[in-house]
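# Below are the sequence and a predicted model for it; my questions follow.
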Amino acid sequence: MTSQPSRGLELSVERLNHNIAELALPAVAENLLVTVVYFSDTFLIGWLHNPSALAAVGLSGVFLNVAQAIFQAMAVSTTAMVAHLWGAKEERRAAQVAAQAASLSVMAALLISGSIWLLAPVLFGLMGAGAETARLGVLYIRLVLLTSWAGYPATVLNGVMRGSGDTRTPMYITGIMNVWNVIAAAALIFGPGPLPALGIAGAGMATASARLLSGCVALMVLTRGRSLLHVAPRQFLTWDGQIVRALLRLSLPNAAEAAARQAGSLLFMRIVSALGTVALAAHQIALSVESLSFMPGVGMAAAGTTLVGQSLGAGRSDLAEKSVRRVVSFAAAIMGLVGIIFALFGGPIASVFGATPDVVGAAGMAVRIGALEQIPLSAQMTLGGCLRGAGDMKSPLYSTLLGVVLFRVPVVYLFAIVFGWGLNGVWLGTALDWLGRALVLAWLYRRGAWRKAYI
């Protein structure tokens, strides 16, 4: 495979803003579209005026995100490896990394989705879900899991493309998935015309089909040379122990971070569940709204991962450091503005979900409180992405562990249950959690070990 410099990034200080925009904007659009897949399910289910159904989608999202976090860990490690090799102009080796990562992700998806399928009734019971919420949740999550063997690996395949500097193709793939999901969900949930109204089952079927489509299209793009990086089909059938060991070495800290983060989220959601169905439904709406605010941070983090990885691969540590400062500043400015919007218009934003008045009222207040966490969250997301691009997977792990142990669970429990602040206490505790994680990451970044962290 020959080098294609004209199709890649031109690494220089003068091109830094252009490169950030080139990488971040498609990544923002891609993650916005990913979010809208679940956002649309929540939005449409909300119009059924059934809090149990809305709560079921919310709890299902927690379990699906636990699995998704594992593949995001693999994707970040793959992105960092591909970016480093691409910056060093070792495109053939980068393609081998992509093939090994994709094969591992399919095997992991089959194992993990099968386990969640079998344990689904137990999981909903452990979360304290009511009988109807549990029944609907098991139905929804099992339908989504039917295509997880393709849906979860799509996350890794998109990470491969981003590592080479191609963030547009993952955006297009996710756009196709999103359009299909919205159309199919609206048709299957409400059953216009001759179609039957399937309710939450229709939402699960639509999401499952959209995930299958995403995985198949991503695979086709990489194997047919439609992205910067091309993977020959035969490469998926070979085993490279050195690459696999490097992937696992980089992925394990990410996986440990994901496990800690998701364990904290499960305990966190258990606290929310204890507040009742109304609070759980309101929390789900507020999370859906807040997830839209993540997009600038996610995009800047994706840009930072690629720029730092490619800069260090090319021997430009000075450019890597400038990239970190630039993406952190941009993300803070944009998400700070989003925080102002949340503070002023939290109630009207929550009302578009069409839920019952008590659910909308609680969700609106949660969105307003969520304004407090926007700037700390932007710093945590972008610094984490940049450090991972450098191959430093441990610093984000330490930050997450401290956040879960010191803030996410104990402070939320204290505020929500002990002090009796309910859902408002949940969101206040969460804001403190993000602030604490951001400060820890900033301190670890300033220590400078990330400059020599890579393989």
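Structure's in. What do you need?

# Quick check: phi and psi on Ala22?
One correction, residue 22 is Glu, not Ala. phi -60, psi -40 (degrees, to the nearest 10).

# And for Pro194?
phi -80, psi -10.

# Can you list the low-confidence ranges for the stretch 301-450 of the chain?
354-355 (pLDDT under 70).

# 80 - rerun?
Where the stretch 301-450 of the chain drops to pLDDT under 80, the residues are 314, 352-357, 448-450.

# So Val289 sits against Gly347, correct?
No: with contact defined as C-beta atoms under 8 Å, Val289 does not reach Gly347; the gap is 10.9 Å. Heads up, the C-betas are built off the backbone N, CA and C, glycines and all.

# what do these two both touch?
With contacts defined as C-beta atoms under 8 Å, 6 or more residues apart in numbering, the residues shared by Val289 and Gly347 are Val367.

# neighbour count winner among these two?
Neighbour count, other C-beta atoms under 10 Å: between Val289 and Gly347, Val289 has more, with 22 against 14.

# so what's that one up against?
Applying C-beta under 8 Å, 6+ apart, the residues near Val289 are Phe342, Gly346, Ile349, Ala350, Ala363, Val367, Gly370.

# Also Ala53?
Ala53 makes contact with Ile45, Leu136, Gly199, Ile200, according to C-beta under 8 Å, 6+ apart.

# For it, identify the helix or strand it belongs to.
Taking DSSP states H and E as the criterion, Ala53 maps to helix 51-87.

# how about the next helix or strand after that helix: buried residues?
Downstream of helix 51-87, the next assigned helix or strand under DSSP H and E is helix 91-126. Buried residues in helix 91-126, defined by neighbour count with 16 or more other C-beta atoms under 10 Å: 91, 93-106, 108-109, 112-113, 116, 120, 123-124.

# Val418: how many residues sit nearby?
A count of nearby residues for Val418, using other C-beta under 10 Å, gives 10.

# where's Asp392 relative to Leu439, distance?
To Leu439, Asp392 is 17 Å away according to C-beta to C-beta, to the nearest Å.

# Ok, Phe71 next?
Distance of Phe71 to Leu439, computed by C-beta to C-beta: 29 Å.

# Those two: which has the busier surroundings?
Phe71 (24 against 15).

# Help me confirm that the more buried one comes into contact with Met107.
No: using C-beta under 8 Å, Phe71 makes no contact with Met107, being 11.7 Å away.

# Which neighbours do those two have in common?
In terms of C-beta under 8 Å, 6+ apart, Phe71 and Met107 are not both contacted by any residue.

# about what we covered before: out of the contacts of Val289, grab the one that's most surrounded.
Counting neighbours by other C-beta under 10 Å, Ala363 comes out on top of the contacts of Val289 with 30 neighbours.

# can you state the direction angle for the helix or strand containing it and helix 51-87?
Using DSSP H and E, Ala363 sits in helix 357-370. Helix 357-370 and helix 51-87 meet at an angle of 30 degrees, taking axes from the mean of the first three to the mean of the last three C-alpha atoms, to 10 degrees as the criterion.

# which other residues reach helix 357-370?
51, 54, 278-279, 281-283, 285-286, 289-290, 293, 339, 342-343, 346-351, 353, 355, 423-424, 426-428, 430-431.

# Just the CA atoms of that helix, as CSV, please.
Extracted in CSV, the C-alpha atoms of helix 357-370 (Å, rounded to 0.1, in the frame of the first residue of the first chain):
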residue,chain,number,x,y,z
PRO,A,357,-46.1,17.3,33.4
ASP,A,358,-44.4,16.0,36.6
VAL,A,359,-41.8,14.2,34.5
VAL,A,360,-41.2,17.3,32.3
GLY,A,361,-40.9,19.6,35.4
ALA,A,362,-38.3,17.3,37.1
ALA,A,363,-36.3,16.9,33.8
GLY,A,364,-36.3,20.7,33.2
MET,A,365,-34.7,21.3,36.6
ALA,A,366,-32.1,18.6,36.0
VAL,A,367,-31.1,20.2,32.7
ARG,A,368,-30.7,23.6,34.4
ILE,A,369,-28.4,22.0,37.0
GLY,A,370,-26.5,20.3,34.2
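
# What are the buried residues along that helix?
By neighbour count on 16+ other C-beta under 10 Å, the buried set for helix 357-370 is Val359, Val360, Gly361, Ala362, Ala363, Gly364, Met365, Ala366, Val367, Arg368, Ile369, Gly370.

# Let me know the closest of these to Leu188.
Among the buried residues of helix 357-370, Val359 lies closest to Leu188 (C-beta to C-beta), at 23.6 Å.

# how far away is that closest one from Val418?
Going from Val359 to Val418 by C-beta to C-beta gives 24 Å.

# Torsion angles phi and psi at the residue nearest to Gly364 when sequence neighbours are not counted?
Distances taken as C-beta to C-beta, 6 or more residues apart in numbering put Gly347 closest to Gly364, at 3.5 Å, once the chain neighbours are dropped. With angles defined as degrees, to the nearest 10, Gly347 shows backbone torsions of phi -60, psi -50.
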